[in-house]
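S.K.: I need the structure of the sequence given here:
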Amino acid sequence: MFRSRTRNLIAAIGVGIAASATSACAGVGFIAFGVALPAGETLVTDFSAIRPFEHANLVTGSQLDVSLAPSYGSSTNYDQLQYLSVPTGGWATIAFSPTLEVSTYVGSLDTWNFVTFSGPGATAFTGTELGLISGAADGDPTSPYTNGRFVFTFARPVTSVTFSASHPAFEIADVGIGPSVINGAPEPGTWLLMCLGLAGAGASLRRRNRAAAPLP
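M.R.: Below is the predicted model of the structure:
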């Protein structure tokens, strides 16, 4: 498992740099079986309490030849809540406050899955491209290369993500976002927290310096 995650990290760094050179996306990372949201992110939806989509399904459990519940590590450890399943020709759009970071937990990634971001930092990825980052896009229902969290970071804000598929199906367990931004800069509340944190760190450093000063 450690080797697989290390290989995924190396692939994510390489492809993320390439993506930043050709689109508004600054980077893409992948965390195998990364159920937890990255630090600083908040949950937009885990699809357990959301209105139905017109062109996608909300599913619980796996349905043979229709949809596979996102795996969290094995055939017996999987998303047991309601999740998003995008059928052939379907799509689902999730809107959120402008942000420079979005993450989503993907199940059994396939080449025919698509992720499209809208907003000033608009960009799109195919399942094939995401598979180059994670290690595979062959629809394996339990593999650490096809089940996990993609983390997208942007140079300019995005305001929504659309999941689509040209074959069945595209399974999504949740969507999280980083701090909201205004015109590419953190909101005032975020700046305040950052300033308070810096002030606290400065005060702590001054106390350490005084404590370390030699006695006269």
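S.K.: Could you use CA atoms for every contact and neighbour count after this?
M.R.: OK.
S.K.: need the contact list for the most centrally placed residue in the chain.
M.R.: Nearest residue to the geometric centre of the chain (C-alpha atoms, centre = their mean): residue 103, 1.5 Å. The neighbours of residue 103, taking C-alpha atoms under 8 Å, 6 or more residues apart in numbering as the test, are 37, 38, 149, 150, 151, 152, 175, 176, 177.
S.K.: Look up which residues are beta-bridged to the nearest residue to it once chain neighbours are set aside.
M.R.: Nearest non-adjacent residue to residue 103, counting by C-alpha to C-alpha, 6 or more residues apart in numbering: residue 151, 4.2 Å away. Per DSSP bridges, the residues bridged to residue 151 are residue 29, residue 103.
S.K.: Wait, residue 151 touches residue 35, no?
M.R.: No. Applying C-alpha atoms under 8 Å as the test, residue 151 and residue 35 come out as separate, 11.9 Å apart.
S.K.: just to revisit the earlier point, go through the contacts of residue 103 and say which is closest to residue 68.
M.R.: residue 149 (16.2 Å; C-alpha to C-alpha).
S.K.: need the contact list for the closest one.
M.R.: Residues counted as contacts of residue 149 (C-alpha under 8 Å, 6+ apart) are 30, 31, 32, 33, 34, 35, 103, 104, 105, 106.
S.K.: give me the element it is part of.
M.R.: When elements are assigned from DSSP states H and E, residue 149 belongs to strand 148-165.
S.K.: Just the mean pLDDT for that strand, thanks.
M.R.: The average pLDDT within strand 148-165 is 97.
S.K.: With stretch 117-136 instead?
M.R.: 97.
S.K.: Kindly indicate the member of the contacts of residue 149 with the most neighbours.
M.R.: residue 30 (30 neighbours; other C-alpha atoms under 10 Å).
S.K.: measure it to residue 51 for me?
M.R.: Noted for residue 30: a distance of 28 Å to residue 51, by C-alpha to C-alpha, to the nearest Å.
S.K.: cool, residue 43 as well?
M.R.: Going from residue 43 to residue 51 by C-alpha to C-alpha gives 16 Å.
S.K.: The two: who's more crowded?
M.R.: Between residue 43 and residue 51, counting by other C-alpha under 10 Å, residue 43 is the more crowded of the two (14 against 8).
S.K.: the helices in the protein, which residues?
M.R.: 2-22, 127-134, 188-212 (DSSP state H).
S.K.: And the shortest one, what does it pack against?
M.R.: This means helix 127-134. The contact analysis (3 or more C-alpha pairs under 8 Å, 6 or more residues apart in numbering; DSSP states H and E) places helix 127-134 against helix 2-22, strand 25-32, strand 113-118.
S.K.: Let's see the second one as PDB, backbone CA atoms only.
M.R.: This means strand 25-32. What follows is strand 25-32, C-alpha atoms only, in PDB (Å, rounded to 0.1, in the frame of the first residue of the first chain):
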ATOM      1  CA  CYS A  25      -5.600  24.300 -13.400                       C
ATOM      2  CA  ALA A  26      -2.500  24.800 -11.300                       C
ATOM      3  CA  GLY A  27      -2.300  21.200 -10.100                       C
ATOM      4  CA  VAL A  28      -4.000  17.800  -9.600                       C
ATOM      5  CA  GLY A  29      -3.200  15.300  -6.900                       C
ATOM      6  CA  PHE A  30      -4.600  11.900  -6.000                       C
ATOM      7  CA  ILE A  31      -5.000  10.200  -2.600                       C
ATOM      8  CA  ALA A  32      -5.700   6.400  -2.800                       C
END
